[in-house]
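# Need coordinates for the following:
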Amino acid sequence: MSMFHPPALPFINNISQKFMFHVKQFLNFLENAAWRAGVKHLSAWLMKLRFHEVFFYLFLLLLPIQTRMLYNPAQSYISWYFNYHLAIFVYLTDLILILCFLSWLVFERPRISLTSKLWLLLGLFLWVVVSVFHVKQIKLGIYGVFKWFELLLLLIYLRETFRETIQFRLSATILFILGVTQAILALWQFHVQHMLGLKFLGEYIPPLGTTGLATIDTLGGKVIRAYGTFPHPNVLASFLIFALFMGFFLVSSAFAEASAGRRETKLRLFLVSCGTILITLGIFVTFSRLAWLATAIGYLGFGIYWLWHKQWKKSLILAIIGIVSCLSAGVLTKADGTYFELLKTRVLDQNQTSITDRGFFNDLGLNLVAQHPWLGVGVGNYVPALRDLYALKAWQYQPAHNIFIFIAAESGVGALAIFVLIIIQIFRGARHGPVGPLKFSLIFLGLIFLILGQFDHYFVTIQQGRLMLFVVLGLLAALPNLQHEILNDKL
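Numbers count the residues shown, from 1 in each chain. A predicted model of the protein is given here:
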């Protein structure tokens, strides 16, 4: 199947001339004394990083990868089908987070005040622990308890340690660069329709025809959606949305500095804008319709935000980025009829299987809630409980495709109530943070993730998904720490 072969375009020479112009700008930028001073300042700040901060930023760099070890693989199969939710994995990100937390607790000896939010976190953790006492598969229960402990401690860590704007900006930059990298991998995978040989990063795309493989049906056969280094295209799409929103924040920040006339920041604005376009194209090839909708809402939301604050030039830049992204996707669809067929199939798909399957899985989850309302079926034991109650096909033993239904079914309605109260408190507290694009980006992103969580389960069941959600919640919880910062457009 031929893909990614756009025809020769008449304006290619103009593009190359502009590209060379920006290359020359970059070379001049390297000689700029202001740039050297900025790097020197950043280097000095990085040299002062404590052990736990180094481990945290390393964790962010590793967040998209699936490098892991599987404990007792035999227990992870239902007949011939490997079930992710029966598996016990030890991820590289787990090990780095443990080092981060230990170095923070041992060397910093933080004094954590017992606020109402902390009591809620402790209450949720204790409720999850209690739910383990009636499970059938205790190993899965202990594994589930560890995962909740890790996530809640991550939230507390971010709330207690993120107190400077530079920490937010560095995290946003890391996530944005990772997003650009994943978008390039996604475009490449979609072009070649198979793995790229990055198994050491956890890349795995099953062969065409494998049950559970994410594909699109076309007249010419099935086409594999892009995975990146994630376990499913929908999880990749959510990470790219995370990176996209960080890109919007960085575009705003770069524009604010570029408007002062500094040449190096104008180049940074150009590079961030190009990266944002790549991330948008990466979202396109995941062929996640919910992610497409979230991306459109993101562009529209930031456009309205900047128009509301009468920041016309920022709105214009965002519009240009959006238009170039759409035109680039349009070039792909016109350059190869397969792309257009894929787009039309995905948008106009009359097959309601994905909707009916989600409804079916949610109904199973609600039935579990009705039978075990207080403590649920026990943390980590959702799929074993389904197996005890229902005779399904091997691939149908899946979590409810709604994070709230899943939490209630696994740990009880009490755990769900506490979890909802934690989210409400975090968003209420975020209102007291500094006014600006950073606050808007994080609150908007948090709401988008919660909405996506009403249609899928990976934000509480899959490693990268739950880490993404709790990083966002942790950053939101840390926003009030910036009240001492100057309230300006850079935030």
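# contacting residues for the closest residue to Leu364 other than its chain neighbours?
Once flanking residues are discounted, Leu364 sits nearest to Leu386: 6.3 Å by CB to CB, 6 or more residues apart in numbering. From N, CA and C alone the C-beta is placed, and that goes for glycine too. Going by CB atoms under 8 Å, 6 or more residues apart in numbering, Leu386 touches Leu364, Leu368, Leu392, Tyr397.
# distance of Leu386 from Leu140?
Using CB to CB, to the nearest Å, Leu386 is found at 13 Å from Leu140.
# now swap in Ile448 and tell me
Distance of Ile448 to Leu140, given as CB to CB: 30 Å.
# Repeat that for Tyr81.
Relative to Leu140, and taking CB to CB, Tyr81 is found at 17 Å.
# Give me the more crowded residue out of the two.
Legend: neighbour count by other CB atoms under 10 Å for Tyr81 and Leu140, higher for Leu140 (23 against 14).
# Name the nearest residue to that one, ignoring sequence neighbours.
Gly380 (3.7 Å).
# which SS class is that neighbour?
coil (DSSP: H, G, I helix; E, B strand; the rest coil).
# Now the residue nearest to Leu364: which helix or strand?
Per DSSP states H and E: Leu386 is located in helix 382-389.
# Confirm for me that Gln66 is in contact with Tyr91.
Yes - at 7.4 Å, Gln66 and Tyr91 qualify as touching, with contact defined as CB atoms under 8 Å.
# tally of neighbours for the residue nearest to Leu140?
If we define neighbours as other CB under 10 Å, then Gly380 has 28 of them.
# Give me the phi and psi for it.
Dihedral pair for Gly380: phi 80, psi 0, per degrees, to the nearest 10.
# which residues does it contact?
Counted by CB under 8 Å, 6+ apart, Gly380 has contacts Val132, Val135, Gln137, Leu140, Gly141, Ile142, Tyr143, Gly144, Val145, Glu410.
# Go again with 7 Å.
When contacts are counted by CB atoms under 7 Å, 6 or more residues apart in numbering, Gly380 touches Val135, Leu140, Gly141, Tyr143, Gly144.
# tally of neighbours for the first one?
Same thing as Val135. Val135: 22 surrounding residues under other CB under 10 Å.
# ok, now Leu366?
So Leu366, with other CB under 10 Å, has 15 neighbours.
# And the one 3 residues further on, by the same measure?
Here the number of neighbours of Val369 (other CB under 10 Å) works out to 20.
# Helix 382-389 and whatever helix or strand it lives in, what's the angle between them?
For Val369, the host element (DSSP H and E) is helix 353-371. Between helix 353-371 and helix 382-389, the angle comes out at 80 degrees (axes from the mean of the first three to the mean of the last three CA atoms, to 10 degrees).
# ok now helix 353-371, how far from the chain's centre?
Distance of helix 353-371 from its chain centroid, counting by CA atoms, centre = their mean, to the nearest Å, is 25 Å.
# Take it, keep the C-alpha atoms, and write them as PDB.
Provided in PDB are the C-alpha atoms of helix 353-371 (Å, rounded to 0.1, in the frame of the first residue of the first chain):
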ATOM      1  CA  THR A 353     -19.400  -1.500  17.300                       C
ATOM      2  CA  SER A 354     -17.200   0.800  19.300                       C
ATOM      3  CA  ILE A 355     -20.200   2.500  20.900                       C
ATOM      4  CA  THR A 356     -22.100  -0.700  21.600                       C
ATOM      5  CA  ASP A 357     -18.900  -2.400  23.000                       C
ATOM      6  CA  ARG A 358     -18.300   0.500  25.400                       C
ATOM      7  CA  GLY A 359     -21.900   0.300  26.500                       C
ATOM      8  CA  PHE A 360     -21.600  -3.400  27.000                       C
ATOM      9  CA  PHE A 361     -18.400  -3.100  29.100                       C
ATOM     10  CA  ASN A 362     -20.000  -0.300  31.200                       C
ATOM     11  CA  ASP A 363     -23.100  -2.400  31.900                       C
ATOM     12  CA  LEU A 364     -20.900  -5.200  33.200                       C
ATOM     13  CA  GLY A 365     -19.200  -2.700  35.400                       C
ATOM     14  CA  LEU A 366     -22.500  -1.300  36.700                       C
ATOM     15  CA  ASN A 367     -23.600  -4.900  37.500                       C
ATOM     16  CA  LEU A 368     -20.500  -5.400  39.600                       C
ATOM     17  CA  VAL A 369     -21.200  -2.100  41.400                       C
ATOM     18  CA  ALA A 370     -24.700  -3.300  42.200                       C
ATOM     19  CA  GLN A 371     -23.500  -6.600  43.600                       C
END
